[in-house]
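Enquirer: Just a sequence and a predicted model for now, questions to come.
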Amino acid sequence: MFTCHQALVWYRSLLIVLILFIVLILWCPPSAAEAAFAPAGTWHVKWAQEGASRASTAEEQESSGSQKSPQFPGLVGSEFLFEAAPFPSCHASTICETEQGLIAAWFGGSEEGAADVRIWSSRQVDGRWTKPLPVADGLPDDGPALPCWNPVLFQVPGGPLLLFYKIGPSPSNWWGMVKRSLDAGASWSDPERLPDGYLGPIKNKPIWLNQRLLAGSSTEDGEWRVHFERASADLAEWTNLALRRQQGNFNIIQPTLLRGKDGRILALCRSADGFIVETSSEDGGETWSQLRATSLPNPNSGIDGVTLQDGRQLLVYNHTSKEAGSPRGREMLNLALSPNGEEWLAAAALERGTGEFSYPAVIQTRDGLVHLTYTHQRTRIKHLVIDPEKLVLQPLEQGQWPAELR
């Protein structure tokens, strides 16, 4: 039998254990507590679960000018590519799937057009984005530094990962550059200047057609004009596929290319005229139809789209006008789908609030999920993951975005 002294010692020890247990529960992060008491072999966290946690944190840390990001059917994950970076401003992201996973790039510096603006990149490794690193700059062998612009990533099937970008004092007199990677963006070749007269993909990804790249491009020297460029896989041969005529006095740049089930190629273009403008080709990009205004608005902001594996067309854009209404300009970023590239249905308002949500880049990965990145308040790049099969679509009555989806 215990003596009174032994019983007292035993009860005191039990009390200390209980106190320590309570402190552990109250003060340890949930993940630590779960890890401490989880059975062996059960401590696994899937990317989607991590993404949900990061999305919650990201929404809490959004800048004061933004409202909380909407939730909608089909949203799988939401996160920022970085929380802190060695540049105050960033814009014009691009995203690509490689054999080793996702990679993104954008331009960043003190402000758009400043001499310190470089191309930065981050890779997704084990479900986490790596620290942003500079991968291209406008530092010449001699002379002043120049800003970099509009990176575009493209994985050549069975070949290198390409990084297109521009260098120059402004969009009216920049020139095209490219770098190559054989290790999914972990390292890059020396920069190469594209042949004179060629800018490469100006904002949005090319498409792979007949073992060649077909890219949407444009110029901004005096007037805005769209053209198309075709290049061999090794980039040794280039062809300019200019529009025979640019009727309608449209001011258009930065086309995104979609592929129809019938082989037709549809180009949707940013415009300064208040609406998205389209043209199409039935011969692989050799010739293009007359330009035509679509029913979709455009507040003079970049767009991007992708043809889904099931043949539907997905478009990310700002469904607003530049001046009138609220939200306006780049205050709302939207997602729409079309069965044929002509009739569009509203799917989701990805962002809405004061400030800027703009310049999307969108792809569909081999697993069927849609990944998109975009500028968030010019300070960070946001990444969303969407299951297109779970999107709930609504009609755009008289071209208006549904109030319940705002």
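Expert: Nice, I can see it. Numbering: from 1, shown residues only.
Enquirer: Could you check how far L268 is from K179?
Expert: 28 Å (CB to CB, to the nearest Å). For the C-beta atoms, the positions are set from N, CA and C on the backbone; glycine is no exception.
Enquirer: out of the two, which sits in the busier spot?
Expert: A direct count of neighbours by other CB atoms under 10 Å for L268 and K179 places L268 higher, at 28 against 21.
Enquirer: residue contacts, R270?
Expert: Contact analysis of R270 by CB atoms under 8 Å, 6 or more residues apart in numbering lists 252-255, 276, 298, 300-303.
Enquirer: Just among those residues, which is most surrounded?
Expert: That'd be P255 among the contacts of R270, by other CB under 10 Å, with 28 neighbours.
Enquirer: With adjacent residues omitted, what lies nearest to it?
Expert: Nearest residue to P255 in three dimensions, chain neighbours excluded: G216, at 3.3 Å (CB to CB, 6 or more residues apart in numbering).
Enquirer: Return the set of residues that bridge with the one you found.
Expert: Counting by DSSP bridges, G216 forms beta bridges with F228.
Enquirer: Then A104?
Expert: The partner residues for A104, given DSSP bridges, come to I95, S122.
Enquirer: what's it in contact with, if anything?
Expert: Contacts for A104 (CB under 8 Å, 6+ apart) come out as 81, 93-96, 121-124, 129, 153, 361, 373, 381, 383.
Enquirer: Can you report how many residues neighbour the closest residue to G222 other than its chain neighbours?
Expert: Nearest residue to G222 in three dimensions, chain neighbours excluded: S172, at 7.5 Å (CB to CB, 6+ apart). Applying other CB under 10 Å, we find 10 other residues in the vicinity of S172.
Enquirer: ok, S172 touching E220?
Expert: Yes. With contacts counted by CB atoms under 8 Å, S172 reaches E220, the gap being 5.3 Å.
Enquirer: and the residue nearest to G222, what element?
Expert: Assessed by DSSP states H and E, S172 sits outside every helix and strand.
Enquirer: likewise T279?
Expert: Using DSSP H and E, T279 falls in strand 275-281.
Enquirer: buried sites along the helix or strand following that strand?
Expert: Using DSSP H and E, the next helix or strand after strand 275-281 towards the C-terminus is strand 292-297. Of the residues in strand 292-297, 294, 296-297 count as buried by neighbour count, 16 or more other CB atoms under 10 Å.
Enquirer: out of the residues you listed, which one sits closest to A115?
Expert: P297 (34.7 Å; CB to CB).
Enquirer: Now do the closest one against D116, distance only.
Expert: 34 Å.
Enquirer: And for the strand holding T279, what's in contact with it?
Expert: Contacts with strand 275-281, where a contact means CB under 8 Å, 6+ apart, come from 226, 243, 248, 250, 252, 255, 264-271, 287-298, 303, 317.
Enquirer: Correct me if wrong: A346 contacts P395.
Expert: Yes. In terms of CB under 8 Å, A346 counts as a neighbour of P395; the distance is 7.3 Å.
Enquirer: ok so, going back, any idea how far N298 is from the residue nearest to G222?
Expert: Note on S172: its distance to N298, by CB to CB, is 21 Å.
Enquirer: same check, this time on I386
Expert: Distance, I386 to N298, using CB to CB: 22 Å.
Enquirer: for W120, same thing?
Expert: 27 Å.
Enquirer: before we move on, what about W401?
Expert: Taking CB to CB as the measure, W401 falls 13 Å from N298.
Enquirer: Report the helix or strand with the lowest average pLDDT across this protein.
Expert: helix 30-37 (a mean of 33; mean pLDDT, DSSP states H and E).
Enquirer: which residues does the residue nearest to P255 contact?
Expert: Taking CB under 8 Å, 6+ apart, we find G216 in contact with 201-204, 206, 226, 228, 254-257, 267, 269.
Enquirer: one more time with 6 Å, if that's ok
Expert: 204, 228, 255, 257, 267 (CB atoms under 6 Å, 6 or more residues apart in numbering).
Enquirer: Name the nearest residue to L162, sequence neighbours excluded.
Expert: Excluding the flanking residues, the one nearest L162 by CB to CB, 6+ apart is F154, at 4.7 Å.
Enquirer: Only C-alpha atoms, please: export stretch 311-324 in CSV.
Expert: Written as CSV, here are the backbone C-alpha positions of stretch 311-324 (Å, rounded to 0.1, in the frame of the first residue of the first chain):
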residue,chain,number,x,y,z
GLY,A,311,-13.3,21.2,-76.3
ARG,A,312,-14.9,24.0,-74.4
GLN,A,313,-13.3,27.4,-74.3
LEU,A,314,-12.4,29.1,-71.0
LEU,A,315,-11.6,32.8,-70.8
VAL,A,316,-10.3,35.0,-67.9
TYR,A,317,-10.9,38.7,-68.4
ASN,A,318,-12.3,41.9,-66.7
HIS,A,319,-16.0,42.0,-67.4
THR,A,320,-16.2,45.8,-66.8
SER,A,321,-16.1,49.1,-68.6
LYS,A,322,-13.1,51.4,-68.3
GLU,A,323,-15.0,54.4,-67.0
ALA,A,324,-18.7,53.7,-66.0
